[in-house]
Every structure is written in C-alpha cells, then in structure tokens.
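>>> Coordinates for the following, if possible.
(chains A, B, C and D)
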Number of protein chains: 2
Amino acid sequence: MIPIDPHHDCRPVGEILHQIGGKWTVLIITRLGHGSMRFGEIKRMIGGISQKVLTATLRDLEMDGFVTRTVTPSIPPRVDYELTALGRDLLVPVSALGAWAQENRPKVLVARQQYFDEHPDAMPMRQGRIAQLKQAAE
Amino acid sequence: MIPIDPHHDCRPVGEILHQIGGKWTVLIITRLGHGSMRFGEIKRMIGGISQKVLTATLRDLEMDGFVTRTVTPSIPPRVDYELTALGRDLLVPVSALGAWAQENRPKVLVARQQYFDEHPDAMPMRQGRIAQLKQAAE
DNA sequence: CAGAATCCAACTGGATACTG
DNA sequence: CAGTATCCAGTTGGATTCTG
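Numbering: from 1, shown residues only, chains lettered A, B, ... in the order given. Just a heads-up that it's a prediction; the model follows:
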C-alpha cells in the first residue's frame, strides 16, 4: 500500500518535494494547469507574491523541466510560461494534494485550536512557530 | 478538471502545503504509514535528521492533527507516534506525490542537466541555488 | 512588461551540550 | 530515551530601485 520501499534512500524524493514545497510553487503549477500565461498574469492571479520570488520560482520550475519559458522580444517584452508534458503530469498528484488541503483545512484549523487549548503552557521552544501560525490565521 | 476555483483565495492552501513541504515531513508521514513508531525508531529509520528538527516536525504534525503523541512515563521514557485518521487520509495524496517524485526523478535530473548545458552563462542571480543543486546531486 | 540587483528580516535546519 | 536549550550558518522571501 505504501509505494516507497523502506530500505530505499528516500532523501532524493525529499529533494524534489522540497522544490514543490516552496511557498508558491503549487499555486503556480495549478494556475498554469489552465493554460499558457504571461508573467504579469500569473503575478496578478496569485497576488501577494513579489516579482523576485515569482521569477525565481518560475526559473526553478523551468530548470526541473516542469514549465517552458517563451520570450517574445517585442517592446514591451512578452514572456509566456506553459506547463510541459512532465509539468502536466506533475499537476495530477499536485492538484490532488491541493484539493485535499482545501477540503481539509477546516479540520486542520480545528486541530490547531484544540492543540492551543490543550497545551496552554509555555513551550518556549516553539513560540516562534506558534506566533507565526496565529498571525497566518488572522 | 482543476478543482481549485481560480477566484478563490488559495493562500490558505499554500499555508498547509508549506507545512507539508518541510524537508522531512513527507518522509516521516510515509514512515508512520506503516504503523506506530517510537521517537528513536523514526530517527534511525530516516537517518540524517537532527533530534531537534525531528522533534519540531513531529510537534507540527501533532498540532495539525496528523499524528498522536503518546507518552509512557517509564524510565527510560517512551514516546510513540501514530497517524490519526486525518493523517492516514493525508497519506493518500502525499504518498501519491512521493511515488511520482520517485518515478520521475530521472526525468527531472535530465531536465536539470539540459538546463545547465543550454544556459551555461552566468545567471549571477541564481548561483546560490545552482550550487545547492549540484551539491545535492553528488 | 519583465526582469536584474541590492539590501534585509525571518525562518530552517544542523551541531552541541545538558536533563529527568 | 526523548527530549530542551543555545548558538549559528545558510536559505527564503519581501521591498525597493533601476533597466532594455
């Protein structure tokens, strides 16, 4: 049932997943699943991502063979991004995970609240992370 | 086909995926999919993870309601971790993604090599990341 | 428009030493 | 055994400014 051999070194898998685990990667791949998009379109559609990070993330995706980057040297310049076959293939498990996250977010939020209630004590080691989550929940 | 409404604010989804995207999270969840485990077992089975990071990751997973933490106050102490129903549910899309990563890693590595060949020029902006990948590939 | 460059705060993860 | 407490390097991501 678990497709990963326990004796296999799975860190390479983590290496790829770490890429996908970037803050915006899944959102970008999901958006590109609808079809080719210009840089600015992606930026506007996602919202809240900085230009630098979007550029870097798209370059990573290009490097891994998930998207193509097509430059049209006009004035103003135009750059289109599109999923490759590999990228569309990746979209399947990624969008499944995205859907899961969307569906189960309420449960996770409930679990977090419950954790806060049941562990009201300090836990000084983890104050940073907890503050982070409380802020994200606002 | 894409289950995420383009007009929905998807950053909350990224918030949950960001947790899962931690360096070891997927490996830990996958391992716990085989059944309850003690702290030291997980640590040995994964290998290369520091005690601090494993503790923090397990606490995050507990907080989100993916694992239970059972303390047996003996000497020496014993702590067991086990997936909750929600965690086992999460395991489905997560192991699908893990399997995908494992199967397609060769393609990604080829794509990266090709990218290096086709873009031998500097790209000073991304030297850090590239060095990082080359090291990981060793 | 799509970036490149720079500066900078925040977070991640590792090493080490200590404890009930 | 299973942590907790520090310290620390490296990475991520954001804001701003500048360019073809």
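>>> CA only for contacts and neighbour counts going forward, please
Fine.
>>> ok, A:L61 - how many residues close by?
23 (other CA atoms under 10 Å in any protein chain shown).
>>> give me every residue that touches it.
A:V67 (CA atoms under 8 Å, 6 or more residues apart in numbering or on different chains).
>>> what's the distance between it and B:M45?
Taking CA to CA, to the nearest Å as the measure, A:L61 falls 31 Å from B:M45.
>>> what's downstream of the helix or strand of chain A with the lowest mean pLDDT, the next helix or strand?
Within chain A, no helix or strand scores below helix A:11-20, which has a mean of 75 by mean pLDDT, DSSP states H and E. For helix A:11-20, the following helix or strand on the C-terminal side (DSSP states H and E) is helix A:25-32.
>>> show me where chain A has strands.
For chain A, the strands defined by DSSP state E cover A:37-38, A:67-72, A:78-83.
>>> Any chance of the ones you listed in a markdown table with mean pLDDT, mean neighbour count and distance to DNA strand D as columns?
Listed next are those as a markdown table, based on pLDDT from 0 to 100; neighbours: other CA atoms under 10 Å in any protein chain shown; distance: least, CA to the nearest atom of the strand, whole Å:
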| stretch | mean pLDDT | mean neighbour count | distance to DNA strand D |
| --- | --- | --- | --- |
| strand A:37-38 | 98 | 17 | 14 |
| strand A:67-72 | 97 | 16 | 11 |
| strand A:78-83 | 98 | 18 | 8 |
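>>> Can you lay out the ones you listed as TSV showing distance to B:P106?
Listed next are the strands of chain A as TSV, based on distance: least, CA to CA, whole Å:
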stretch	distance to B:P106
strand A:37-38	27
strand A:67-72	17
strand A:78-83	18
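>>> just so I know, which of those strands lies nearest chain B?
strand A:67-72 (10.6 Å; CA to the nearest CA).
>>> quick one: contacts of that closest one?
Taking CA under 8 Å, 6+ apart as the rule, strand A:67-72 contacts A:58, A:61-62, A:77-84, A:87.
>>> so who does whichever residue of chain A sits closest to DNA strand D touch?
Proximity of chain A to DNA strand D (CA to the nearest atom of the strand) peaks at A:K23, 3.8 Å away. Shown in contact with A:K23 (CA under 8 Å, 6+ apart): B:14-15, B:17-18.
>>> ok, how many other residues are close to the closest residue to DNA strand C within chain A?
Residue nearest to DNA strand C within chain A (CA to the nearest atom of the strand): A:G40, separated by 3.2 Å. Neighbours of A:G40 under the rule other CA under 10 Å: 14.
>>> sorry, back to before: for the contacts of A:K23, which single residue is the most surrounded?
Within these, most neighbours by other CA under 10 Å means B:L17, with 24 neighbours.
>>> Quick check on the closest residue to that residue other than its chain neighbours: phi, psi?
The spatial neighbour of B:L17 that comes closest, neighbours along the chain excluded (CA to CA, 6 or more residues apart in numbering or on different chains), is A:G21 at 6.6 Å. Note on A:G21: its backbone torsions stand at phi -80, psi 0 [degrees, to the nearest 10].
>>> ok, is stretch A:111-119 in contact with DNA strand D or not?
No - if you take CA under 7 Å from any atom of the strand as the test, stretch A:111-119 misses DNA strand D, and the best it gets is 11.3 Å.
>>> and that stretch, how far from the chain's centre?
Between the centre of stretch A:111-119 and the centre of its chain there are 26 Å (CA atoms, centre = their mean, to the nearest Å).
>>> what's near enough to touch the residue nearest to A:A96 when sequence neighbours are not counted?
Nearest residue to A:A96, sequence neighbours excluded (CA to CA, 6+ apart): B:P93, at 6.2 Å. Applying CA under 8 Å, 6+ apart, we find B:P93 in contact with A:93, A:96-97, A:100.
>>> Could you rerun that using 10 Å?
Neighbour list for B:P93: A:93-101, B:99 [criterion: CA atoms under 10 Å, 6 or more residues apart in numbering or on different chains].
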